[in-house]
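Colleague: Need coordinates for the following:
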Amino acid sequence: SSVWLQSFNYPDVAYWVWRSGSFGDQAVFLDGNYTNGTAAAGIPDFSALKAVGFNYIAPPMQMLLQASGDQYAASEYATEAKAAGMHTITGTLERSGPLGSGGGWYYGTTNNMTNNDGDMLEMVHVLNEEVGVKGIFSDWPATTTFYANCMMNKVAGCTTPTPASIPVRM
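Modeller: Residues are numbered from 1 along each chain as shown. Modelled structure (predicted):
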């Protein structure tokens, strides 16, 4: 239960799913297509994946989020995966450095509205609440740890920083 096999190679994941009993139930198919998460760009047939026993898919974060006005929202990819009963895991959060000038490649579908480090919390919130991700890969998991402890688990002593409470270096 502690091991989550993952691969970009469909035959590997299929083998684990079909030949490994309950161990294969948590095999993760990594989606390396790196599209914008729209049907026009191509979305896997999630119902077919589910029908052959795949339970988890892990696309990059940019495929699960889209800009909707000035808000982050679930993409078509995310909506269709969820509707088919697939569980999603994503990455990579906190890899691009400060977001003051946009998120770069990892935030490709939302770069036009990503302009500060606090946007990562907004993204994690949408990934949790709208997309329903089961996990997030992160190079520096400060944001995911804060969100899990303070927003999901309501750990005593967690407070959301306000601009007045954030130390400023002079």
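Colleague: how close does the closest residue to residue 20 other than its chain neighbours sit to residue 7?
Modeller: What sits nearest to residue 20 in space, not counting adjacent residues and going by CB to CB, 6 or more residues apart in numbering, is residue 27, at 7.4 Å. Using the backbone N, CA and C atoms, a C-beta is placed for each residue, glycine as well. Plainly put, residue 27 is 8 Å away from residue 7 if you go by CB to CB, to the nearest Å.
Colleague: And for residue 104?
Modeller: To residue 7, residue 104 is 26 Å away according to CB to CB.
Colleague: Specify which residue of the two has the higher count of neighbours.
Modeller: residue 7 (16 against 13; other CB atoms under 10 Å).
Colleague: Need the pLDDT of the more buried one.
Modeller: With respect to pLDDT, residue 7 has a value of 96.
Colleague: Pretty sure it sits against residue 29.
Modeller: Yes - look at residue 7 against residue 29 with CB atoms under 8 Å: they come within range, at 7.2 Å.
Colleague: intersection of neighbour lists for these two?
Modeller: Residues touching both residue 7 and residue 29 (CB atoms under 8 Å, 6 or more residues apart in numbering): residue 13.
Colleague: quick one: low-confidence ranges for this protein?
Modeller: In the predicted model, the chain carries pLDDT under 70 at residues 97, 154-170.
Colleague: would you list every one of the strands in this protein?
Modeller: Applying DSSP state E to the chain gives strands spanning 6-7, 28-30, 56-58, 65-68, 71-74, 87-93, 135-138.
Colleague: which secondary structure elements does the last one contact?
Modeller: When contacts are defined as 3 or more CB pairs under 8 Å, 6 or more residues apart in numbering; DSSP states H and E, strand 135-138 sits against strand 87-93.
Colleague: just to revisit the earlier point, the residue nearest to residue 20: how many residues sit nearby?
Modeller: Residue 27, neighbours per other CB under 10 Å, totals 23.
Colleague: contacting residues for the closest residue to residue 42 other than its chain neighbours?
Modeller: Leaving out its chain neighbours, the residue that sits closest to residue 42 by CB to CB, 6+ apart is residue 35, at 6.0 Å. Neighbouring residues of residue 35 by CB under 8 Å, 6+ apart: 41, 42, 63, 77.
Colleague: before we move on, what about residue 71?
Modeller: Residue 71 is in contact with 122, 126, counting by CB under 8 Å, 6+ apart.
Colleague: State the distance from it to residue 62.
Modeller: 16 Å.
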